[in-house]
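Enquirer: coordinates for the following, if possible.
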Amino acid sequence: MKLNQYFDGGIKLDNSIKFAQDSNSVDDLLNEMRNFGLRVDFLKEGSLQRVGVNAIGGQRPDKSGETSGWYIYHQINPEYACCVYGNWRTGEEKKFFTGSTTSLSKQEQKQLFAKLEEVKARAAEDKARKQEETAEYVKDKFNKADKVTAHPYLKAKQIGSYGIKEANGNLLIPMYRLHPETKELDLRSVQYIMPDGQKRFASAGETKGSFFLIGTDLASISQVEKIAVVEGYATACSVYESCNIPVLVVFSANFCLEALTRFRKIYNGQFILALDNDESGVGQDRAKEVQSAIFNCVTRIPSKIGDYNDVFLEFGAERVRNELYQTGFQIRGFSIRDLQGKPLEREYVVNDLIPKEVAGVFAGLGGIGKSGLLLDLALKVSSGQGRWLNQPIMSGGDVVFLTGEDSQDEIHHRLHSLDPNEKRFGYPNNVYVYCVPDASPINIIAEDNQGLRITDAGWSLQEELMSFHSLSLLIIDPLSSFCSASVSSSNEVGQLWGTYVAGLAKKTNSAVITSHHMSKSAFSATDSFGFRASIRGASAIVDSARWAAVLTHVKEDLAEEICLEHDVEPDINRVAQFAMVKSNSKADFTPKTLFRKDVILEPIESNKIKDQW
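Expert: Sure thing, here's the model as predicted:
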């Protein structure tokens, strides 16, 4: 039988035990231990002994200061002795008896088992005491260590500093465990990384089952959907910086199962096992072992020998993202059982009009002013304050505005009209306007001899937008400039567009507005159903959107009446009506009368169209 791991569980024997190696000589035992890789010249009896490990069977040797090997030797009587030894870094364990267990009497067998239990108890106490002493030492050392500003190892690996420190020129990577009672982080040991990249653990520290977390904290862990699991700090940084997902460092593939078993007590999301691609196969084997033992795990071993920092250094961040994200559909990760408790309140970019993380359609007649209204919205979202169509801005952030019709010069003129004093330069966030006439077309959906599809440009755009960390709003104006397939007659095109922008909204945590045109039937519409039907193209464009709003002209006599009330010459283009015609969440469906006194259409108090709907 295989012995249980010495650490934590201890050695457990039963009456069916058969030693794999029976011999008559302590010299044979020493040869076996050396062949296993342990650096041992003589045996010390009694307590747990830690020794270095040589490079045997594909395993790396211990570096300076490391003692991954261990043994417990006990002389039972002048004739018989027993020994249990192993490698903490690989988790392997062996046993040896200087004699034949089958030749022992029942009394002698009982004596053997009793001595092993005695050794186990003494060694466990000694190990626990040393681990506590080490934990107190490293806590004091880590607290007094300096913050990391620069280091040769970070420069060589092209990574940043996240929660680590430096002492005597060496990086200190904290190794935590979850406190068994408080479930808070408890610093147990540190990993030292020298300027030349050599690594070692604090002597006698608790290593197996320890971890280091990058990209989140325990207070936010319930909101995290995925955590990548890696073996080393440099790999963790490369994955975090490339994919923008939290990463758990377990320090060795052999420690992964223990670390994730502990961490699973506070985390129910998905583990992405990004262990090393070892020539020996250790990382691959441990990943399979963990995936079979821990629920909701997927394996993403690097495509080349090494780790994901090696992939990053050779191929770049995009390759790391592709290897971690090119997965199956992971349907089992979408159970309704995971949707527990009260759902989160819906967030809005504009209160009761534009919800966050969903996509909607804003349709209008040509030349009525919808692009100007959307640019005004972009400015207000970047400022994080103000009102749009009488509703307050609720979520400020960066804005990306893709315009297929306006040049940069035209945008500049509009900005000068909307913001003549250039207050936008003092806003906390930015507006990025991509003008197709001055740059390159972005054809997101195409239908040709390759069939109906999202183009490479569409996927590239999604990837670039996902790199914005504070994006709150994306405006695509108009749809026809970014889709070469027929949106006028094909419901398949409309549905594909809806699927694409819905994915953008979710992946970028932003609101996505598609500007679209209306047909002339809008002139005769008198209610929300009529205006909704007037949105040009296949019905799937609106059906696949989470909300839809329209901006149309009012009747000519009403436009004249409102213009005269504002002391301006009658002009049908000065007056418009805005209304939500669809929403899958709470929304203000009250139609609004808008009047353009100077530059922009703005709601007026005398809402003359309200009673006409």
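Enquirer: what's the helix of greatest length in the chain packed up against?
Expert: Scanning the chain for the helix with the most residues, using DSSP state H, yields helix 106-144. Judged by 3 or more Cβ pairs under 8 Å, 6 or more residues apart in numbering; DSSP states H and E, the packing partners of helix 106-144 are strand 69-75, strand 81-87, strand 165-167, strand 170-178, strand 185-193. Heads up, the C-betas are built off the backbone N, CA and C, glycines and all.
Enquirer: which residues are contacting stretch 35-53?
Expert: Residues outside stretch 35-53 that contact it (Cβ atoms under 8 Å, 6 or more residues apart in numbering): 6, 26, 29-30, 33-34, 54-57, 59, 61-62, 66-75, 83, 85, 87, 89, 92, 94, 119, 122-123, 126-127, 203-204.
Enquirer: again, 7 Å this time
Expert: The contact list for stretch 35-53, computed with Cβ atoms under 7 Å, 6 or more residues apart in numbering, reads 26, 30, 33-34, 54, 56, 59, 61-62, 66-75, 85, 87, 94, 122-123, 126-127.
Enquirer: pull out the buried members of those residues.
Expert: The neighbour count (16 or more other Cβ atoms under 10 Å) marks 26, 30, 33, 59, 62, 66-75, 85, 87, 94, 123, 127 as buried among the contacts of stretch 35-53.
Enquirer: in the stretch 1-150 of the chain, where is pLDDT below threshold?
Expert: Within the stretch 1-150 of the chain, the set of residues satisfying pLDDT under 70 comprises 1-24, 57-58, 89-91, 100-103, 116, 119-120, 122-124.
Enquirer: end to end on stretch 270-287, go ahead and measure it.
Expert: This stretch, stretch 270-287, spans 14 Å end to end (Cα to Cα, to the nearest Å).
Enquirer: enumerate the positions of it that are buried.
Expert: Per 16+ other Cβ under 10 Å, stretch 270-287 contains these buried residues: 270-278, 282-284, 286-287.
Enquirer: same thing with stretch 357-370?
Expert: Quick answer for stretch 357-370 (16+ other Cβ under 10 Å): 357-365, 368-370.
Enquirer: ditto for stretch 507-524
Expert: Those would be 508-518, 522, for stretch 507-524 by 16+ other Cβ under 10 Å.
Enquirer: tell me which of these is nearest to residue 189?
Expert: residue 509 (36.5 Å; Cβ to Cβ).
Enquirer: chain neighbours aside, what residue packs nearest to the residue sitting nearest the centre point of the chain?
Expert: What sits nearest the mean C-alpha location of the chain, by Cα atoms, centre = their mean, is residue 245, with 2.1 Å. Of all residues not flanking residue 245 in the chain, residue 226 sits nearest, at 5.4 Å (Cβ to Cβ, 6 or more residues apart in numbering).
Enquirer: how many neighbouring residues does the one you found have?
Expert: Using other Cβ atoms under 10 Å, residue 226 is surrounded by 18 other residues.
Enquirer: am I right that it is in contact with residue 270?
Expert: Yes - the pair formed by residue 226 and residue 270 meets the contact definition of Cβ atoms under 7 Å, at 4.7 Å.
Enquirer: against residue 187, how distant is residue 423?
Expert: Per Cβ to Cβ, to the nearest Å, residue 423 is found 48 Å from residue 187.
Enquirer: the two - which one has more neighbours?
Expert: With neighbours defined as other Cβ under 10 Å, residue 423 and residue 187 compare such that residue 187 has more, 19 against 11.
Enquirer: what pLDDT does that one get?
Expert: Residue-level confidence at residue 187 comes out at 94, pLDDT.
Enquirer: let me see the contact set for it.
Expert: Taking Cβ under 7 Å, 6+ apart, one finds 135, 138-139, 142, 174, 176 in contact with residue 187.
Enquirer: also residue 74?
Expert: So residue 74 contacts 45, 81-82, 115, 119 (Cβ under 7 Å, 6+ apart).
Enquirer: nearest to residue 183 among the residues you listed?
Expert: Closest to residue 183, out of all of these and judged by Cβ to Cβ, is residue 119, at 33.1 Å.
Enquirer: could you list the low-pLDDT ranges of the chain?
Expert: Using pLDDT under 70, the chain drops low at 1-24, 57-58, 89-91, 100-103, 116, 119-120, 122-124, 326-335, 338, 607-613.
Enquirer: my read: residue 221 touches residue 269, true?
Expert: No - here residue 221 lies out of contact with residue 269, judged by Cβ under 7 Å, at a distance of 8.0 Å.
Enquirer: stretch 545-557: how far from the chain's middle?
Expert: 39 Å (Cα atoms, centre = their mean, to the nearest Å).
Enquirer: and that stretch, end to end?
Expert: For stretch 545-557, the end-to-end distance is 34 Å (Cα to Cα).
Enquirer: swap in stretch 195-213?
Expert: Terminal residues of stretch 195-213 lie 22 Å apart, using Cα to Cα.
Enquirer: and for it, what's in contact with it?
Expert: Residues contacting stretch 195-213 (Cβ under 7 Å, 6+ apart): 7, 63-67, 88, 130-131, 134-135, 138, 151-153, 156, 169, 173-177, 188-193, 246, 248-251, 255, 258-259, 262-263.
Enquirer: all helices of the stretch 151-300 of the chain, in order?
Expert: Counting by DSSP state H, counting those that start in this stretch, the stretch 151-300 of the chain has helices at residues 152-157, 233-243, 256-263, 282-293.
Enquirer: which of those sits most buried?
Expert: helix 233-243 (a mean of 25; mean count of other Cβ atoms under 10 Å).
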